[in-house]
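Novice: Build the 3D model from these lines:
(4 chains)
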There are 2 protein chains.
Amino acid sequence: MDGKIVNLRSKLEIYKAGSGGGNLADCPVRDVIQGISNKWSSLLMEALAEKPYRFGELRRLVPDISQRMLTQTLHDLQRDGYVHRQVFPTKPPSVEYSLTDLGRSMFGPLHQLIQWAELNHSAVREARKVFDAAEG
Amino acid sequence: MDGKIVNLRSKLEIYKAGSGGGNLADCPVRDVIQGISNKWSSLLMEALAEKPYRFGELRRLVPDISQRMLTQTLHDLQRDGYVHRQVFPTKPPSVEYSLTDLGRSMFGPLHQLIQWAELNHSAVREARKVFDAAEG
DNA sequence: AGTGCTGGTCTCTTTTTGAGACTAACATAT
DNA sequence: ATATGTTAGTCTCAAAAAGAGACCAGCACT
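Specialist: The predicted structure follows:
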């Protein structure tokens, strides 16, 4: 009964923090996916995939992101190597954000998922309606 | 100067809550993507894509998810129509979770993203190291 | 009678997110 | 000259979400 689970573990070992004293970074999927599974990451990636944007442009483009979260999400995307941040010494200084090669590479599969979301939005909404009707 | 932004808005209108009194649900991408952009959703989807699992099996498979978040994430995935929950009247009763057709459909593109993550994990880690070295 | 298994819920604490005020240096308008 | 707006943020405080762990009922096994 327990042997069943042990066998499965070998395939999904990747998800665990590592039984041999490892930490989160030992799991590639969790380490990378959680970096882009934020509320705003995919949104900003989609925007920047179209063309580079400046901070204020992004803020106006996605009006309900707080300035604080915009700063932080861009910072995190930059840290993970998806986004390049370039400061222009104008007055007042302006900052342009653009995708790196790594960012464009990652956006490929992300875009597939986004397209699925657009295509299947109604199915998901219908599922929710049915579920909510069955049990409040 | 402002016309630039206005033009871009037409392409990214999809991200906004809707200027005509619409709400979040009017944006398919945000509505669907945010449902699976949780800390644990992709992890559980990956597990269930392999085969159906019972509650306790999932808990042991992903040891550092709290029981509370496992319950809640499975509930949300079920509500969005990705996961089917079946109760068996054994003693004690057991509950099996499995992917629906919609869930398997969504897992296609999600799996692509996961594969990218596995493949490019080292690149992301390297980017972080460089970034952290440059500015603490 | 005691222990363990099942799939959860309830409460409490910590972490994350959101709202909004505040900054500094310069440009433009009055 | 003075007021106002622009830039890209930071800082503080409140609200929401997540994590830790105790607790539950019903039954099987010892």
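
Novice: quick one: which helix or strand includes the closest residue to DNA strand D within chain A?
Specialist: Taking C-beta to the nearest atom of the strand, DNA strand D has its nearest neighbour within chain A at residue A:56, 2.9 Å off. The C-beta positions use only the backbone N, C-alpha and C, and glycine is treated the same way. Secondary-structure element containing residue A:56, defined by DSSP states H and E: helix A:55-61.

Novice: Which other helices and strands does that helix contact?
Specialist: Helices and strands touching helix A:55-61, by 3 or more C-beta pairs under 8 Å, 6 or more residues apart in numbering or on different chains; DSSP states H and E, are helix A:41-50, helix A:67-79, strand A:94-99, helix B:2-12.

Novice: Apply 7 Å and report the result again.
Specialist: With contacts defined as 3 or more C-beta pairs under 7 Å, 6 or more residues apart in numbering or on different chains; DSSP states H and E, helix A:55-61 has these neighbours: helix A:41-50, helix A:67-79, helix B:2-12.

Novice: Please name the bridge partners of the nearest residue to residue A:100 once chain neighbours are set aside.
Specialist: Across the structure, with C-beta to C-beta, 6 or more residues apart in numbering or on different chains as the measure, the residue nearest residue A:100 apart from its sequence neighbours is residue A:84 (5.1 Å). Going by DSSP bridges, residue A:84 is paired in beta bridges with residue A:98.

Novice: now residue A:84: how far from DNA strand C?
Specialist: For residue A:84, the distance to DNA strand C (C-beta to the nearest atom of the strand, to the nearest Å) stands at 22 Å.

Novice: Residue A:52 now?
Specialist: Distance from residue A:52 to DNA strand C, counting by C-beta to the nearest atom of the strand: 22 Å.
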